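S.K.: dropping the sequence and predicted coords here.
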Amino acid sequence: MIIGYARVSTTDQHLGRQLDMLNGYGIDKIYSEKVTGIRKERPELNRMLDELSEGDTVVVESLSRLGRSTKNLIELMELFNERGVNLVSLKESIDTTTPTGKLLFTLISAISQFERDCLAERTKAAARARGRKGGRPPTSHTALEMARKLYESKEYTISEITELTGISKSTLYRYINGG
């Protein structure tokens, strides 16, 4: 199914130009709304997203009509990719049903992943600068020894031992097996 989405930011603006462009593309169904792109809640967009199926194509007049920000647009494009939905933007000449459109989509996705990785690295670096190493704190040797003794006594279940000592099952088994 070919689905169109049109949006203008204010009630004073008109959807006519966008709707004409979308109808010229041969749209099966159009979702349209008059709501600012900054607002997180866009009911017609959400309704469209809920109804998308694999193989559908979403057509927009321009990417700015679809996404509130670059980040939001990339999130929507990733959602389309996960669901097997194509995207066509008439203004930017992006069409993910073509090899060039798929390449562009892949590049945008790669840039998005790069930004997420950079953010994670900056977060870790900031934590290290404040003296934090990340991860769980090491388990105390006393708790491990107590857990081993309880296990060897055969009087307690694994669940009881983990509850009494605060050690996870995997840590307990790793310690008992010499890991």
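M.R.: Arrived safely. Numbering: from 1, shown residues only.
S.K.: now what about stretch 149-167, what contacts it?
M.R.: Contacts to stretch 149-167, defined as CB atoms under 8 Å, 6 or more residues apart in numbering, come from residues T139, A143, L144, M146, A147, S168, K169, L172, Y175, I176. (Glycine included, C-beta is placed from N, CA and C.)
S.K.: need those in TSV with neighbour count, can you?
M.R.: Formatted as TSV, the contacts of stretch 149-167 follow (neighbours: other CB atoms under 10 Å):
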residue	neighbour count
T139	17
A143	16
L144	18
M146	16
A147	23
S168	12
K169	11
L172	21
Y175	18
I176	13
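S.K.: closest to L107 out of these?
M.R.: Proximity of those to L107 was ranked by CB to CB; the top entry is S168 with 41.5 Å.
S.K.: the closest residue to that closest one other than its chain neighbours: helix or strand, and which one exactly?
M.R.: Distances taken as CB to CB, 6 or more residues apart in numbering put T162 closest to S168, at 6.3 Å, once the chain neighbours are dropped. Per DSSP states H and E, T162 falls inside helix 158-165.
S.K.: and after that helix, which helix or strand comes next?
M.R.: For helix 158-165, the succeeding helix or strand toward the C-terminus, using DSSP H and E, is helix 169-176.
S.K.: and the angle for that following helix with helix 158-165?
M.R.: With axes from the mean of the first three to the mean of the last three CA atoms, to 10 degrees as the basis, helix 169-176 and helix 158-165 are set at 90 degrees to each other.
S.K.: same for the lowest-mean-pLDDT helix or strand in the chain, what does it pack against?
M.R.: One helix or strand of the chain scores below all others by mean pLDDT, DSSP states H and E: helix 99-129, with a mean of 80. Packing partners of helix 99-129 (3 or more CB pairs under 8 Å, 6 or more residues apart in numbering; DSSP states H and E): helix 70-83, strand 86-89, strand 94-95.
S.K.: what angle separates the helix or strand following it from helix 169-176?
M.R.: Following helix 99-129 in sequence order, the next helix or strand is helix 141-153 (DSSP H and E). Angle of helix 141-153 versus helix 169-176, following the same axes, to 10 degrees, is 80 degrees.
S.K.: only the C-alpha atoms, please, for helix 141-153, written as PDB.
M.R.: Taking C-alpha atoms only, helix 141-153 is exported to PDB below (Å, rounded to 0.1, in the frame of the first residue of the first chain):
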ATOM      1  CA  HIS A 141      35.500 -12.300  49.000                       C
ATOM      2  CA  THR A 142      33.600 -12.800  52.300                       C
ATOM      3  CA  ALA A 143      30.200 -13.200  50.600                       C
ATOM      4  CA  LEU A 144      31.700 -15.600  48.000                       C
ATOM      5  CA  GLU A 145      33.200 -17.800  50.800                       C
ATOM      6  CA  MET A 146      29.900 -17.700  52.700                       C
ATOM      7  CA  ALA A 147      28.100 -18.700  49.600                       C
ATOM      8  CA  ARG A 148      30.500 -21.600  48.900                       C
ATOM      9  CA  LYS A 149      30.100 -22.900  52.400                       C
ATOM     10  CA  LEU A 150      26.300 -22.800  52.300                       C
ATOM     11  CA  TYR A 151      26.500 -24.600  48.900                       C
ATOM     12  CA  GLU A 152      28.800 -27.300  50.200                       C
ATOM     13  CA  SER A 153      26.600 -27.800  53.300                       C
END
